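Participant: Requesting a structural model of the entry that follows:
(2 chains)
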Amino acid sequence: MEFVFFLSAAVKAGTCLLYATLGEIISEKVGHLNLGVEGMMQMGAVIGFIAGFTFGNPLAAVLCAALAGAAGALIYALLTVSFKANQTVTGLTLSIFGVGFAAFFGKTFVGKKVPEAITTFFQPIKLPFLGDIPFIGDIFFNQSVYVYFSYILVIAIYLYLYKTKWGLNTRMIGENPVAADASGIPVDKYKYFNIVLCGALCGLGGAFLSLVYISVYPVNVVSGRGWIAVCLVIFAMWNPGKAMLGAYFFGALDIASFWLQKYNLPVSIYLFTALPYLATVFVLLFTSMRKINNKKEPAWLGKNYFKEDR
Amino acid sequence: MKKKLGVLMLALIMVVVSVVGCSSGSTTKTNAVTKVGFLYVGPADDGGWSQVHDQGRAKMVEHFNGKVETVVKENVAEEKSAVVSTVRDMVDQGCTIIFGTSYGFMDGMVEAAKEFPNVKFEHCSGYMTSDNLGTYFGRIEEPRYLSGIVAGLTTKTNKIAYIAAMPIPECVRGINAFALGVKSVNPTATVNVSWTNTWYDPTVEKAAAEALIQQGCDVTAQHQDSTAVMEAAKEAGKLSIGYDLSAAATMPEVYMTAPLWDFSGYYTERVQAVIDGTWKSDTYWGGMNDGIVSLDTLTKLAPGSAQAQVDTATAAIKAGTLNVFAGEIKDQTGTVRVNAGTVLTDEAELSMDWFVDNVVGSVN
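Facilitator: So this is what the prediction gives:
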């Protein structure tokens, strides 16, 4: 039974990663490596909290968080799509910007509590039927609506990318924008749309932390989870379904130390705390060793498209 | 052309934003007042440790009525370079005495004390001293023991959660004192420890507390600076022992009592010494008799029988007849650490790296 609690907690801990990873998959599918995930999550977290604290309305809070993340992504899109700036540098800058943005605007809110109305709204709700399935029900279907929404998103994004014309066009731009352009697809519009969507999802991921996962606003709520999300995209091989698996795996690593400590293992607790980051290094190591993953990566990832070069 | 204009506009906007953003810069006065620096590990209103120091600071400033000014730096990283550069900045601003309020500032404080031999330094909870670097701390284990009595009487599952920051003697001492307090009224209860590796991170603290509550603990205690542990207890319908500050007003649903700090007396005394020119490096370690530590008034949530037992123990501690670490004390392996009839020495307390036998968890 305790293991079920642990897995349920892992799903909760992994949900913020899932949102951000899904976002980054979309962005990378259109050929844009956005390393600003951490920054966009921070922006979403702080704006989401401020909106929630001010309006006391969960939906307004979530909407503002998504808009904040989208605004961050819009800066990135403007610089990389329209002005053809280097994607890596722009992304890193956005991350640094987002952390500063959150620190600046969140300063006066540190230590403030999430309003009761929001906490109640996001309390775990056991779903009828699904929630009664042994084990699975306790793990996946006794969660906050915020978590349920991420399940829907996984399916929606899968359908969007693989079953719609827009998704096909998006993927084509990521593989070969020259061909896409030649066939009449408005490349820049697609890029803007997908990058901004990525930002909105990252904002939602950040707000999950500040509105649901914790109840008091801390100094640095995201604290590096954005970087893990970037790595998870590779781990998931740009596949929304596998992103879910990866996010929960890293969520489990995130909280593993609290559940393992009572067994008095002869391992330093510092190692437990470092687990998610160690795992990140290993994931990158193994995926770079296996050649087949290179094929999963969008061919034009990280490269800007100059129409004039065609 | 359009693009160039766009870039230009963007650059302009950024310049304007940064100018506006910086306009609220601080102004420094050059009066002949004593300037005192404070380094906090968290935000000054963290609801815990840093707030306790900030309250002590504020009372001290009030006491000197304009003769003392303070320079405060919040969220200082527990790294040598961060501490040294903060201290340099404070010395530049004219500080003549600087208080570092977190254990992890130790290396930086030692380094800074060497760099500025004319500035007085005080480091809370550390053990390194020099001619211009003193240490100060309180015997928080005394109120910790008392809070253990309350927890031991409260628990029904006989499992108490204790969320603690770092496996260092300061925390270990607190856990052991608490566990001995629990044991004095409830020999069958265990204290289940979870380390978080952070003094202040509500995210981690709450996750750790949730894990222990799920494992059957029905009372939480903490050596953490935020109220996140109590939030977790509130959501699960359990009861809590706080730390640092009274949470009677902020967490009325779960709060029973807490070991409290009050640094105002010490800060006032030491700053006065600097003003008088009598300051000398010292290692201060005050107890309940000095008022630097105390146990908060029990709330209505505490079991009815607790008050009398706490009162008796408090009187005994103050009278010197009860020592928290009086033998016989056995560690987790059954080895006798303190023989019957003796008490633990201060040195042994300061380097404590073992748990008493009713603690579940490990020091590593």
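
Participant: Wait, residue B:152 touches residue B:188, no?
Facilitator: No: under the criterion of Cβ atoms under 8 Å, residue B:152 makes no contact with residue B:188, lying 9.5 Å away. (C-beta placed from N, C-alpha, C; glycine too.)

Participant: Quick check: residue B:307 is in a helix.
Facilitator: Yes: the assignment for residue B:307 is a helix, going by DSSP: H, G, I helix; E, B strand; the rest coil.

Participant: Can you tell me the SS state at the closest residue to it other than its chain neighbours?
Facilitator: Closest residue to residue B:307 apart from its sequence neighbours, by Cβ to Cβ, 6 or more residues apart in numbering or on different chains: residue B:298 at 5.6 Å. The three-state label for residue B:298, taken from three-state DSSP, comes out as coil.

Participant: Check what pLDDT residue B:298 gets.
Facilitator: You'll see residue B:298 listed with a pLDDT of 95.

Participant: what about it, distance to chain A?
Facilitator: According to Cβ to the nearest Cβ, to the nearest Å, residue B:298 and chain A sit 24 Å apart.

Participant: just checking, that residue touches residue B:258?
Facilitator: No: the pair residue B:298 / residue B:258 is not scored as a contact, 10.1 Å apart, by Cβ under 8 Å.

Participant: chain center to the longest helix seen in chain A, what's the gap?
Facilitator: Across chain A, the longest stretch assigned as helix under DSSP state H is helix A:2-29. How far helix A:2-29 lies from its chain's middle: 8 Å, per Cα atoms, centre = their mean, to the nearest Å.

Participant: More neighbours: residue B:298 and residue B:258, which one.
Facilitator: Each of residue B:298 and residue B:258 has its neighbours counted (other Cβ atoms under 10 Å in any protein chain shown); residue B:258 has more, 29 against 20.

Participant: Now that one: closest residue in space, sequence neighbours ignored.
Facilitator: residue B:242 (3.3 Å).

Participant: near chain B at all, stretch A:276-292?
Facilitator: No: judged by Cβ under 8 Å from any Cβ of the partner chain, stretch A:276-292 and chain B are separated, with a smallest distance of 12.1 Å.

Participant: what comes into contact with that stretch?
Facilitator: Stretch A:276-292 has contacts (Cβ atoms under 8 Å, 6 or more residues apart in numbering or on different chains) with A:224, A:227-228, A:231, A:234-235, A:237, A:249-250, A:253-254, A:293.

Participant: between those, which is nearest chain B?
Facilitator: residue A:254 (7.7 Å; Cβ to the nearest Cβ).

Participant: who's in contact with the closest one?
Facilitator: Residue A:254 touches A:10, A:13-14, A:276, B:207, counting by Cβ under 8 Å, 6+ apart.

Participant: Nearest residue to the closest residue to chain B within the stretch 1-150 of chain A in space, please, no chain neighbours.
Facilitator: Nearest to chain B in the stretch 1-150 of chain A, going by Cβ to the nearest Cβ, is residue A:5, at a distance of 4.3 Å. Distances taken as Cβ to Cβ, 6+ apart place residue B:214 nearest to residue A:5, at 4.3 Å, with adjacent residues excluded.

Participant: which residues does the one you found contact?
Facilitator: Counting by Cβ under 8 Å, 6+ apart, residue B:214 has contacts A:2, A:5-6, A:9.

Participant: Mind checking which of those residues are buried?
Facilitator: By neighbour count, with 16 or more other Cβ atoms under 10 Å in any protein chain shown, the contacts of residue B:214 hold A:5-6, A:9 as buried.

Participant: Would you reformat those as a markdown table and include pLDDT?
Facilitator: Listed next are these as a markdown table, based on pLDDT from 0 to 100:
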| residue | pLDDT |
| --- | --- |
| A:5 | 88 |
| A:6 | 91 |
| A:9 | 92 |
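
Participant: Would you reformat these as CSV and include distance to residue A:267?
Facilitator: Below are the buried ones among the contacts of residue B:214 laid out as CSV (distance: Cβ to Cβ, whole Å):
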residue, distance to residue A:267
A:5, 22
A:6, 18
A:9, 20
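
Participant: On the pLDDT front, check residue B:23 for me.
Facilitator: So, for residue B:23, pLDDT stands at 44.

Participant: nope, residue B:347 is what I meant
Facilitator: In this prediction residue B:347 is given a pLDDT of 86.

Participant: Assign it to helix, strand or coil.
Facilitator: Applying three-state DSSP: residue B:347 is helix.

Participant: Surely residue B:70 is within a strand?
Facilitator: Yes: counting by three-state DSSP, residue B:70 is part of a strand.

Participant: residues contacting the closest residue to residue B:226 other than its chain neighbours?
Facilitator: Excluding its sequence neighbours, the residue lying closest to residue B:226 (Cβ to Cβ, 6+ apart) is residue B:202, at 4.5 Å. When contacts are counted by Cβ under 8 Å, 6+ apart, residue B:202 touches A:214-218, B:226-228, B:231.

Participant: Tell me, how many residues neighbour whichever residue of chain A sits closest to chain B?
Facilitator: Nearest residue of chain A to chain B, counting by Cβ to the nearest Cβ: residue A:258, 3.8 Å away. A count of nearby residues for residue A:258, using other Cβ under 10 Å, gives 25.
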